[in-house]
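>>> got a structure for you, letters missing:
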């Protein structure tokens, strides 16, 4: 990690200042398994506390640790709704479970695949967008060079740090982040850290992993 920090400090003075203020790098990782993506779907658009409560209910009802597709599919949709899941999230999670059970998504193969192929594979699941897969790449598969262009926190941090008039669009974000290769995930973590919790929380506590 020292190599990544040294590169980012040398490549970008603005980021160097952020790193100096934020302190040591402490990315929190999860296993790149089915349960982690289920958790990500549950956390979408919910506060961390509410999402964690629902996730724990689902995990307990599934009676499997880690959660499996078969365990999810044994739960009736009505039961999943009663646990606090919305109708849409119930459909999303069940679709993910079916695709995984049928072998169309193989989590054990994801570590061997390129980022683009993983995005293509996982976004086939309704309710799993590019942002969700970016979080999975960063926080589960530990990919070092992901730039989550759809993340509001990273966009807000860039706007603040680089004195932009408005939130940057993906093209501008790519331009700013060009010097960060091959450690854009590390840079993104520091951008999240640069913001107050009221503006952007860490993804695993806000709405992802």
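Arrived safely, thanks for sending. The structure presented is a predicted model; accordingly, all values stated were derived computationally and were not measured.
>>> What lies in contact with stretch 111-121?
Residues from elsewhere that reach stretch 111-121 (Cβ atoms under 8 Å, 6 or more residues apart in numbering): 32, 105, 110, 130, 133, 134, 136, 137, 141, 143, 145, 146. C-beta: built from backbone N, CA, C; applies to glycine.
>>> can you list the domain ranges for the chain.
Domain assignment for the chain by automatic domain parsing gives 2-28+145-201, 34-139.
>>> ok, of those domains, where does mean pLDDT dip lowest?
Here those differ in mean pLDDT, and the lowest is domain 2-28+145-201 at a mean of 92.
>>> who's in contact with the closest residue to residue 66 other than its chain neighbours?
Computed as Cβ to Cβ, 6 or more residues apart in numbering, the closest residue to residue 66 that is not its neighbour in sequence is residue 35, at 4.3 Å. If you count contacts by Cβ under 8 Å, 6+ apart, residue 35 has them with 59, 66, 67.
>>> phi, psi of residue 35?
phi -60, psi -40 (degrees, to the nearest 10).
>>> Check the gap between it and residue 124 for me.
Per Cβ to Cβ, to the nearest Å, residue 35 is found 19 Å from residue 124.
>>> again, but for residue 104
8 Å.
>>> Overlap in contacts, these two.
By Cβ under 8 Å, 6+ apart, no residue touches both residue 104 and residue 124.
>>> Break down the chain into its helices, ranges please.
Per DSSP state H, the chain carries helices over the ranges 2-11, 13-22, 34-43, 48-62, 69-74, 77-82, 87-101, 115-122, 130-139, 152-161, 170-177, 184-193, 203-206.
>>> Show me the one of those that comes nearest residue 28.
Of all these, the one in closest proximity to residue 28, counting by Cβ to Cβ, is helix 203-206 (6.2 Å).
>>> Now do the closest one, average pLDDT.
pLDDT averaged over helix 203-206 gives 41.
>>> Use 23 as the first number from now on
New numbering, starting at 23: the last item is helix 225-228.
>>> ok so, going back, next, format the helices of the chain as CSV and append distance to residue 50.
Formatted as CSV, the helices of the chain follow (distance: least, Cβ to Cβ, whole Å):
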stretch, distance to residue 50
helix 24-33, 17
helix 35-44, 15
helix 56-65, 12
helix 70-84, 13
helix 91-96, 25
helix 99-104, 27
helix 109-123, 23
helix 137-144, 20
helix 152-161, 7
helix 174-183, 15
helix 192-199, 22
helix 206-215, 10
helix 225-228, 6
